[in-house]
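K.L.:
my questions concern the predicted model and sequence given below.
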Amino acid sequence: MSTLSFFEKIKDLCYIRRTMPEVITRRERIEGEEWFVVFDEPQQKLYKFKGNAGLIWQRLDGKISVEMIVEDLCLHGLGDRETLIKDVSRFIARAGKKGLIKAAVKKFRKEDVPDYEDLARRPTLP
């Protein structure tokens, strides 16, 4: 399945990352770069995300769709839309295979659209 067809299937879905007590996420500065360090206690595995991967992880809160994550990253100038679609789709697929995110919690609805100015104010990595 191509990245674009995978994206078409998931773009309207909202995913949520697993949280405590199973999975612990910490934001840390390592060698001058900001990372999200994720410990999956049941599997005893440690993951580190930086750059776009860290920002995608941060936004998997079950409140915004995959499409909205792509739009948010575009608004922050973190890449062109096509590249970001591939990045987000790959991240969702890999995180899902590792059991780090829960299945989609709901379908995206138009009334759930957040204020894009609010999205633009969300923190980004330096």
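P.N.:
That came through, no problem.
K.L.:
buried residues in stretch 26-46?
P.N.:
Under the neighbour-count criterion of 16 or more other C-beta atoms under 10 Å, stretch 26-46 has 34-38, 40 buried. In this view, the C-beta of every residue, glycine as well, is placed from N, C-alpha and C.
K.L.:
which of those residues lies closest to Tyr47?
P.N.:
Taking C-beta to C-beta as the measure, Tyr47 lies nearest Val38 of the buried residues of stretch 26-46, at 4.4 Å.
K.L.:
re the thing from before, list the ones among the buried residues of stretch 26-46 that fall in strands.
P.N.:
Mapping the buried residues of stretch 26-46 onto strands (DSSP state E) picks out 34-38, 40.
K.L.:
which one of those is nearest Arg18?
P.N.:
Nearest member of these to Arg18, counting by C-beta to C-beta, is Asp40, at 7.6 Å.
K.L.:
ok, back up a step: closest one to Ala53 out of the buried residues of stretch 26-46, please.
P.N.:
Within the buried residues of stretch 26-46, the smallest distance to Ala53 is 7.9 Å, found for Phe36 (C-beta to C-beta).
K.L.:
partners of the closest one in the sheet?
P.N.:
Beta-bridge partners for Phe36, by DSSP bridges, are Arg27, Phe49.
K.L.:
so can I have a markdown table of the buried residues of stretch 26-46 showing pLDDT and distance to Phe91?
P.N.:
As requested, the buried residues of stretch 26-46 are exported to a markdown table (pLDDT from 0 to 100; distance: C-beta to C-beta, whole Å):
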| residue | pLDDT | distance to Phe91 |
| --- | --- | --- |
| Glu34 | 92 | 17 |
| Trp35 | 94 | 15 |
| Phe36 | 93 | 12 |
| Val37 | 94 | 16 |
| Val38 | 93 | 12 |
| Asp40 | 92 | 16 |
